[in-house]
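Participant: sequence and computational prediction follow.
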Amino acid sequence: MDIHLDILLNLPNATVESCTRQDNDVSLKVRLLNEEASCPRCNKLSSELHQNRPILIRDLSIFGQATYLKIPRRQFYCCDCQRYFTESLTFLDEGRQYTRRYEEYVYQQVKLSSIEQVSRIEELSFDRIEGIFKHQYAQKKTQDGQGSNGLGLMKSASVKGTKTLSPLSETLRLGSSLK
Ligand SMILES: [Zn+2]
């Protein structure tokens, strides 16, 4: 649609088709430009589009306005494997409702302040912010290839109820010790 919006969006193979604003939310309808996707089993490219079920995901705010992307979730068919597969997207983890960059942002903000504060600023529930933090934490843990000691501690903290102050600060300390 608008070359400037595409530049600002800064996602590979993606173009903004339309932009709408409601209340203080911005929604961008995104179209993917690649016509093929590679099969996760054999890596072969397939252009046999089976179905497309667009989803709405949260992204980083634009000019202080909560921003959502409507992105295609496409399923292709691999002739070699004779199976359907969902296209994997570099900017979105499987099954998540937020872009990777948004989750990374939330994670860093929680480390700097608290889940409560980020929840207020982003207007997302405590549980959602906590869910993002934990997802990022687990991912970083896997990437670092370290033991599961810290994550175990975090899990026990969440069982006790992270809505109280002390387990939360424990969570935060764990987060800060990552880097
Ligand atoms: Zn295949």
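Facilitator: All right, it came through fine.
Participant: and residue 95, how far from the ion?
Facilitator: Computed with CB to the ion, to the nearest Å, the distance linking residue 95 and the ion is 21 Å. Glycine gets a C-beta too; all of them are placed from N, C-alpha and C.
Participant: how is that residue assigned, secondary-structure-wise?
Facilitator: Taken by DSSP: H, G, I helix; E, B strand; the rest coil, the conformation at residue 95 corresponds to coil.
Participant: how about residue 138?
Facilitator: helix.
Participant: how about the residues of the protein near the ion?
Facilitator: Taking CB under 5 Å from the ion as the contact definition, the chain meets the ion at 39, 41-42, 78, 80-81.
Participant: can you give me the strands in the chain?
Facilitator: All strands of the chain, identified by DSSP state E, fall at 14-22, 25-32, 37-38, 45-46, 49-52, 55-62, 65-71, 74-78, 83-86.
Participant: elements contacting the second one?
Facilitator: With contacts taken as 3 or more CB pairs under 8 Å, 6 or more residues apart in numbering; DSSP states H and E, strand 25-32 sits against helix 3-9, strand 14-22, strand 55-62, strand 65-71.
Participant: could those go into JSON lines alongside mean neighbour count, distance to residue 132 and mean pLDDT?
Facilitator: JSON lines is the format used below for the helices and strands packed on strand 25-32 (neighbours: other CB atoms under 10 Å; distance: least, CB to CB, whole Å; pLDDT from 0 to 100):
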{"stretch": "helix 3-9", "mean neighbour count": "12", "distance to residue 132": "21", "mean pLDDT": "91"}
{"stretch": "strand 14-22", "mean neighbour count": "14", "distance to residue 132": "22", "mean pLDDT": "95"}
{"stretch": "strand 55-62", "mean neighbour count": "16", "distance to residue 132": "9", "mean pLDDT": "97"}
{"stretch": "strand 65-71", "mean neighbour count": "18", "distance to residue 132": "15", "mean pLDDT": "97"}
